[in-house]
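In: Test case, fold it:
(chains A and B)
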Amino acid sequence: MPKDDLKTGYRIVGTRPDRPDGLDKVTGRARYGADISAPGMLHAAVVRSPHAHARIIRIDASKALVLDGVKAVITRADFPTGLTGEDWNLQENTIAGDVALYDGHAVAAVAATSKLLAQDAARLIEVVYEVLPHVIDVDAAMQPDAPVIRAGTADHSVPEGMHPNVVKYIDFGHGDLEAGFAAADLVRAQTYKTEATHQGYIEPHACLGQMGADGKGEMWVCTQGQWYIRRMCSAVLGTDASQLRVTPSEIGGGFGGKTTIFMEPLALALSRKAGGRPVKLVMSRAEVLRATGPTASASMDVKLGMKADGTLTAAQVNFRMQGGAFIGSSPVGEALSCALACYTIPAVHHEGYEVLANRPKAAAYRAPGSPMAAFAVESLLDEMCRELGLDPLAVRLKNAAREGAKASYGPTYNRIGLVETLEATMAHANLKVPLGPNQGRGVASGFWFNHGGETSVSLAIGEDGTVTVSVGTPDIGGSRASLGMMTAETLGIPYEAVRVNIVETGALGVNEPTHGSRATFASGLAAVEAAKQAIKTMCARAAAEWGIDADAVEWIDGAAAPAGPNAGKFPPMSIAEIGAKMGSTGGPISGHHEVTAGGFGASFGAHVVDVEVDPETGRTTVLRYLVVQDAGRAIHPAYVEGQYHGGAVQGIGWALNEEYVYGADGRLQNTVFLDYRIPVASDLPMIDTVIVEVPNPGHPYGVRGVGETGITPPLPALANAIAAATGARLRSLPMSPPKVLAAIKAKANGQG
Amino acid sequence: MSKIHVTTTVNGDPVEFLADPRDTLLDCLRDQLGLTGTKEGCGTGDCGACSVTVDGVLVCSCLVLGAEAQGKQIGTVEGIANGSELHPLQRKFIEHAALQCGFCTPGILVAAKALLEQNPDPTETEVRYWLAGNLCRCTGYDKIIRAVLDAGAEMRGAN
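Out: Numbers count the residues shown, from 1 in each chain, chains lettered A, B, ... in the order given. Alright, predicted model coming up:
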């Protein structure tokens, strides 16, 4: 296997071995959410509101229930009452109470002996609605005449006199804003809008749930976090978390959208009502788009002050975001914190409003909030650089956040790699490629915090000296490989001698999901610590056999060896020898580590895109694309590149094509992939990458986490490139051909 | 509604099943025959995760009725390897890290195999347009395209 030139001295870290689940995934053997069946299994279907906002007057399931083979129908009446806070939100989103809050909101569900019968039965369930006025747009939802979605939702943070749909207000900053703007040579302010987009994982949500009248249950489900599923389902159903055993399937993409529940409690409630028979529930693509976590839509004001040499003196942002009809679902707080995080600016002020709208409950989507914020801030920064005739990358470098600087969102940065990232970007050959007519180049920076979080990992030495690692973070993009590599590196054994299993909720303490770019960071850190614990035990076993102090034994190349004054007295005892006789030397040998992992390190990125815009159609073609990002340490560089590629292309889709399109009736118009168009292979060039490695001091191998930052810069980078190609500045996403064409025409008419 | 008795061949094996007239070929493969390697991503022919071949022609099995399989030769991802010997495409997908979540992989492998059978030496552009009906949300397609081109090169070399 080729070893990348990282000069680390590592045997395995930094190489590109085959992923351990590769064979299963290229042969069709890997089992995803919908791939499991159980004896006696029933199939479920869900009845969903066709209205954006409607009071539920009556639900009549009698015509469905008389069909042979229909075993259970549930409505909200089958769920406990009295839930509060986010538990209430989860229950309400799982199945509507008195009011359906968005097009696609679940109202009832049915279980029957076949999929087709369940679908037939669902169509026979009659729901009488009283249609209520609705509101979709975030700015419209704040207007005095907007329909009130749920009075009394707002928390104490909201200033008096705001519309009841405004449910949260955030305000923070530092420095003297007035003095900062006064010190600037150029002050500019603009407003930006982004539409909601969907994570767009190719695997629809799917689960197989079983629960008896005693509240004991099991679930097989595609999820980023089996413990989140356990806790949330238990809260919604009013059962004990410990009585529900959740096994994660292979997961067909998540991007944050599978960190929560949408329909899983319905399967369990149906099972409970159907005498404990297992119930399989699989969403259609239309259900995924109508009723599962898109991201928020945003309306954003940005004001920047800049000196003639490019130094930023002050920045002010004011963001409004809707995350559906549920408080706490929009990422407005994260958006504010990310907005200015790339730069050291003496005076910054952030204000944000969370607003309810008749839309599905937003879920996390890859660096939640950061892409929208970057679109606004990085677009305006680019405009001002052009106005002052400055190199946009040089300006970013001049203002770049560095170690020891106070971050825009409060804390002081430890070792970060934005400067190295920008320098690598400026040195890249793509910047020297000459551009032709109707072509333009755009650059942008991006940021994500990364995350540690609750983590529990166990590791066991086998009788033959091979090693099993049990982790709780589902493998979405190759984390079995990275975790196995770090474990093998630490133990000094071959990569192939380690098996990493993603385990069910009964096998470990609570783990947070694979979210926040944390799997390789946090499960990796815990796996390394667990390995060190096992090494300590193995050294003690060898010491006891040799009759020397445990402290006088060291672990070298997968074996215990006498050290110090005893060096060379005994031949090294390999992990295989120790494993073979552990039964008679003290019993099984394992390692375990659990932690709420701190020490995570932010990852910064910079993207450069070249586009060509067809002046006759407004269609944008991506000619070349460069991603430069600090990984801290790339454990498996091929899968780090994969994260960079995937983030960039999701961002390209968000920038150019993707949006939730609502009709005047408040119904989602584009509920299939033909109309919700994500990038396809023929839309794209190869994506160039540079992995910058500024090790994170908070991780034994320097890992930062690489999953999310990459979706942040594409939105503004594309806007900046289109502006460079056409002279027309687009401040609303997506930059679809009709909008680009209109902007070009407006520019030609002197309105741009 | 009475079911239809279907006799067909899947990956060279004779099989039979009872199909509801509304069942898609995808439903029959997954639910009747236990061949769950073929995936449903959309059910509307837009994502390609359910790609199979019917008498050698690449189709979305969600757009074909199960009853239409009568007397045909069906090829799925489970039939790509020759026993335990992987097809070059399968090896190259692992080697190039051309999959992340792996959900779209079966459909892309079936589609890419169909491409290389009719065009053993495709250009990058030809691969991109052939696979434009197979959505992948994880990879940005870069490593997928490289894996297909590399598999094609290896297969040409072997011939």
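In: ok, the residue in the stretch 1-150 of chain A that chain B sits nearest to to residue B:52 distance?
Out: Proximity to chain B, evaluated over the stretch 1-150 of chain A using CB to the nearest CB, is greatest for residue A:28 at 1.9 Å. Placement of C-beta: from N, CA and C, glycine included. Distance, residue A:28 to residue B:52, using CB to CB, to the nearest Å: 11 Å.
In: out of those two, which sits in the more crowded spot?
Out: Higher neighbour count among residue A:28 and residue B:52: residue B:52, with 30 against 24, using other CB atoms under 10 Å in any protein chain shown.
In: low-confidence ranges in chain B?
Out: B:1, B:158-159 (pLDDT under 70).
In: So the residue in it that chain A sits nearest to, which state does it fall into?
Out: Relative to chain A, the nearest point of chain B is residue B:37 (1.9 Å; CB to the nearest CB). Using DSSP: H, G, I helix; E, B strand; the rest coil, the secondary structure recorded for residue B:37 is coil.
In: Spatially nearest residue to residue A:734, not counting backbone neighbours?
Out: Nearest non-adjacent residue to residue A:734, counting by CB to CB, 6 or more residues apart in numbering or on different chains: residue A:659, 5.1 Å away.
In: need the contact list for that neighbour.
Out: With contact taken as CB atoms under 8 Å, 6 or more residues apart in numbering or on different chains, residue A:659 is in contact with A:195, A:196, A:197, A:733, A:734, A:736.
In: Find the pair from those residues with maximum spatial separation.
Out: Spanning the widest gap among the contacts of residue A:659 are A:196 and A:736, at 14.7 Å by CB to CB.
In: Run through the bridge partners of residue A:354.
Out: Counting by DSSP bridges, residue A:354 forms beta bridges with residue A:168, residue A:321.
In: burial count for it?
Out: 30.
In: I'd say it and residue A:166 touch.
Out: Yes - counting by CB atoms under 8 Å, residue A:166 is a contact partner of residue A:354 at 7.3 Å.
In: Verify the contact between residue A:280 and residue A:45 for me.
Out: No - look at residue A:280 against residue A:45 with CB under 8 Å: they stay out of range, at 10.6 Å.
In: Once you drop chain neighbours, what's closest to residue A:133?
Out: Using CB to CB, 6+ apart and skipping residues adjacent in sequence, the residue nearest residue A:133 is residue A:147, 3.9 Å away.
In: Can you report how many residues lie near the one you found?
Out: If you count neighbours by other CB under 10 Å, residue A:147 ends up with 15.
In: Repeat that for residue A:145.
Out: Neighbours around residue A:145, by other CB under 10 Å: 8.
In: Please work out the average pLDDT along stretch A:740-752.
Out: The average pLDDT within stretch A:740-752 is 89.
In: Quick one: residues in contact with it.
Out: Stretch A:740-752 is contacted from outside by A:613, A:615, A:617, A:618, A:619, A:620, A:722, A:726, A:727, A:728, A:729, A:730, using CB under 8 Å, 6+ apart.
In: give the contact list for residue 36.
Out: Since no chain was named, I'll use chain A. With CB under 8 Å, 6+ apart, residue A:36 has these contacts: A:208, A:220, A:249.
In: meant chain B, my bad for not saying
Out: Going by CB under 8 Å, 6+ apart, residue B:36 touches A:28, A:31, A:32, A:34, A:35, B:30.
In: hang on, the earlier thing: state the distance from the residue nearest to residue A:133 to residue A:579.
Out: If you measure residue A:147 against residue A:579 using CB to CB, the figure is 67 Å.
In: And residue A:181, by the same measure?
Out: Separation of residue A:181 from residue A:579 (CB to CB) stands at 67 Å.
In: do the same with residue A:260
Out: Per CB to CB, residue A:260 is found 41 Å from residue A:579.
In: When the two are compared, which one has more neighbours?
Out: The residue with more neighbours, out of residue A:260 and residue A:579, is residue A:260; 25 against 21, by other CB under 10 Å.
In: which non-adjacent residue is nearest the more buried one?
Out: Nearest to residue A:260 is residue A:363, by CB to CB, 6+ apart, at 5.5 Å.
In: Please apply the same query to residue A:661.
Out: residue A:669 (4.4 Å).
In: Residue 60: neighbouring residues, count only.
Out: Picking chain A for this. Applying other CB under 10 Å, we find 13 other residues in the vicinity of residue A:60.
In: Can you look at chain B instead?
Out: The number of residues packed near residue B:60 is 26, by other CB under 10 Å.
In: Please name the residues that touch it.
Out: Residues near residue B:60 by CB under 8 Å, 6+ apart: B:26, B:45, B:48, B:50, B:51, B:133.
In: Find the residue ranges of chain A scoring beneath the pLDDT cut-off.
Out: Residues of chain A that meet the criterion pLDDT under 70 lie in A:1-8, A:751-752.
In: Go again with 50.
Out: Along chain A, the model assigns pLDDT under 50 to residues A:1-6.
In: quick one, domains of chain B?
Out: Split into domains by automatic domain parsing, chain B comes to B:4-79, B:88-158.
In: Now the terminal residues of the longest one, how far apart.
Out: Distance between the two ends of domain B:4-79: 25 Å, counting by CA to CA, to the nearest Å.
In: how distant is it from the center of its chain?
Out: Here domain B:4-79 is found 10 Å from its chain centre; the criterion is CA atoms, centre = their mean, to the nearest Å.
In: For the residue nearest to residue A:608 when sequence neighbours are not counted, give me its contacts.
Out: Of all residues not flanking residue A:608 in the chain, residue A:626 sits nearest, at 4.3 Å (CB to CB, 6+ apart). Residues near residue A:626 by CB under 8 Å, 6+ apart: A:425, A:428, A:430, A:607, A:608, A:609, A:687, A:688, A:689, A:690.
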